[in-house]
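Visitor: return atomic coordinates for the entry below.
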Amino acid sequence: MKPLLLFPIVLLTIADAQAQPTIVDTLELGHSIVMVTTDLPDGSNGRGSGVVVSPEYVATNCHVIANSKGVNIAKFRDGYQPIALKANWKRDVCLLKFDPLPFKPIPMRDSKSLQYEEEVFSMSFPAGAPVPQLSYGAIKGIYPFDGSLVVRSNASFYMGSSGGALFDQNFNLIGLTTFKSPGHQAFYYSLPVEWIKELMEAPEVTSLKTNDVPFWALPLEERPYFMQVVLPYQNADWPSLQTIAANWSKKEPASADAWYFLGLAEEGLQHYAQAEQDLKRAYALNQRDYDALLALSRVAFLQKDLATLETLQPGIQAIDPAEGEKVAQQILTLRQATP
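Guide: The predicted structure follows:
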C-alpha cells in the first residue's frame, strides 16, 4: 500500500474567488490604458499598449518602440508626445515621460505577494482596437528571474497588447503583458511591476535605437528554463522536456514548476512511478498549483495509488466538481478492484 501524502490539501474553491469585473466595472480604469503608436523606418506605423503609472510616466514594452523613428500615445482621439525616455532594453521595460498627463495613475502591487490560481484580467489594445479590451484568467506560473518574478497567466492577449496591463481583482497593476508562446494553447507572460519601479530611478536615455535583445527573444538555450520547457511540452517531446526539466530541478530544487514539468515528462514517457514522485514533490512545494494537482491525480490512478487519490479528491472537487466526480469514480474503480 502506498503511503499517504505528507502535505495538506489547500481548497481553492471557486466560491472564494471574486466575480471577474465587467466592461462597465472597468470603464474608469480603462482611461489609464493608452495606445502607443510608432513611426517605423519603412514608413509604416506600429502599435502597442501602455499603462499610466505616474502623472508623468507611461510604462510599455521596449520592443514596441525600439528602433522606431518616433513615438506617441493616443487616448480619446488626443495625441501626446513624450519628452524623454527611460529604458531597460534587455528586460523589455520602457518608461515614456510626458508633461503631466490628464490620466489617473494606476496603483501597483508587487509580484512577491501574488499567488497561483489568483484570478486576474488584462486590458490592452489588441489588433488596434479603438478601446481597451478585457481578457480574463488566473495566475498559472510565478517565476523568479532577474531579481523579481515573471508572471504567467491564461488571460490571453494578442498583437498590439504588448505593454498592456495585467490586473488583480482590486484593480492593482501586477504586470505588463509582454510575450506569449506560439500556438493555440499559448502561455502568456507579464513582466513584474518591480522592474517599472526600478526603472523610475534610472537615468534617461537619448535614443530609441538599440542592439539589445529582450531576454525572452534570446536563442532558446539562453532563455530561462520556464521558457525552454514550453515548446517540448506543447509538442509532446517528452525526452527533450525531461532533459530540460531535470536540469531546471537541479539548478532550482525549490522550484515547484521544475518538478511539475519533470513529472509531466515522466508521465509522457510512461515512467509513472517516477512521475508520481516528481509531481508529489511539485505539489508539496506549491499547494496552490491546480495543474499539478490534476496531473498527480492522473498518475496516481495509473499507479493504482488509492491512498493518494483519496487525499487529492476533496481539493479537486472544491475547485472543479466535474473533475472531482471523475476522480471519485476512479477511487470507486480502485476500491472495487482491491481484494
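Visitor: ok, Glu221 - contacts?
Guide: Gln228 (Cβ atoms under 8 Å, 6 or more residues apart in numbering). In short, each C-beta sits where N, CA and C put it, glycine included.
Visitor: the same query, at a cut-off of 6 Å, please.
Guide: Going by Cβ atoms under 6 Å, 6 or more residues apart in numbering, Glu221 touches no other residue.
Visitor: is there a neighbour count for the residue lying closest to Leu306 once chain neighbours are set aside? I'd like the number.
Guide: Spatial nearest neighbour of Leu306, chain neighbours left out: Leu334 (4.6 Å); criterion: Cβ to Cβ, 6 or more residues apart in numbering. A count of nearby residues for Leu334, using other Cβ atoms under 10 Å, gives 17.
Visitor: could you confirm Leu334 falls within a helix?
Guide: Yes: assessed by DSSP: H, G, I helix; E, B strand; the rest coil, Leu334 belongs to a helix.
Visitor: would you map the strands across the stretch 151-300 of the chain?
Guide: Applying DSSP state E, counting those that start in this stretch to the stretch 151-300 of the chain gives strands spanning 164-167, 173-180, 188-191.
Visitor: do you know which of the ones you listed lies nearest Ser153?
Guide: strand 188-191 (5.6 Å; Cβ to Cβ).
Visitor: note down every partner strand of the closest one and its orientation.
Guide: strand 148-153 (antiparallel), strand 173-180 (antiparallel) (DSSP bridges).
Visitor: reformat those strands as CSV; add distance to Gly128.
Guide: Listed next are the strands paired with strand 188-191 as CSV, based on distance: least, Cβ to Cβ, whole Å:
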stretch, distance to Gly128
strand 148-153, 23
strand 173-180, 16
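Visitor: ranking the strands of the stretch 151-300 of the chain by burial, who's on top?
Guide: Of all the strands of the stretch 151-300 of the chain, strand 164-167 has the most neighbours on average by mean count of other Cβ atoms under 10 Å, namely a mean of 29.
Visitor: quick one: contacts of it?
Guide: Applying Cβ under 6 Å, 6+ apart, the external contacts of strand 164-167 come out as 33, 49, 51, 120-124, 173-175, 177, 190.
Visitor: can we see that at 8 Å?
Guide: Applying Cβ under 8 Å, 6+ apart, the external contacts of strand 164-167 come out as 29, 33, 48-51, 106, 120-125, 132, 151, 153, 155, 157, 173-177, 190.
Visitor: I'd assumed Ala155 was in contact with Glu133.
Guide: One correction, residue 133 is Gln, not Glu. No: taking contacts as Cβ atoms under 8 Å, Gln133 lies outside contact range of Ala155: 11.1 Å.
Visitor: who's more crowded, those two?
Guide: Ranked by neighbour count (other Cβ under 10 Å), Gln133 and Ala155 place Ala155 first, with 24 against 21.
Visitor: per-residue confidence at that one?
Guide: On pLDDT, Ala155 comes in at 94.
Visitor: show me what counts as buried in stretch 89-107.
Guide: 89-96, 98, 101, 103, 105-106 (16 or more other Cβ atoms under 10 Å).
Visitor: do a quick rundown of the helices in the stretch 201-339 of the chain.
Guide: Using DSSP state H, counting those that start in this stretch, the helices of the stretch 201-339 of the chain run over 225-228, 230-234, 238-251, 256-268, 272-285, 290-302, 306-319, 321-337.
Visitor: turn those helices into TSV, including mean pLDDT.
Guide: Below are the helices of the stretch 201-339 of the chain laid out as TSV (pLDDT from 0 to 100):
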stretch	mean pLDDT
helix 225-228	98
helix 230-234	96
helix 238-251	98
helix 256-268	98
helix 272-285	96
helix 290-302	94
helix 306-319	92
helix 321-337	93
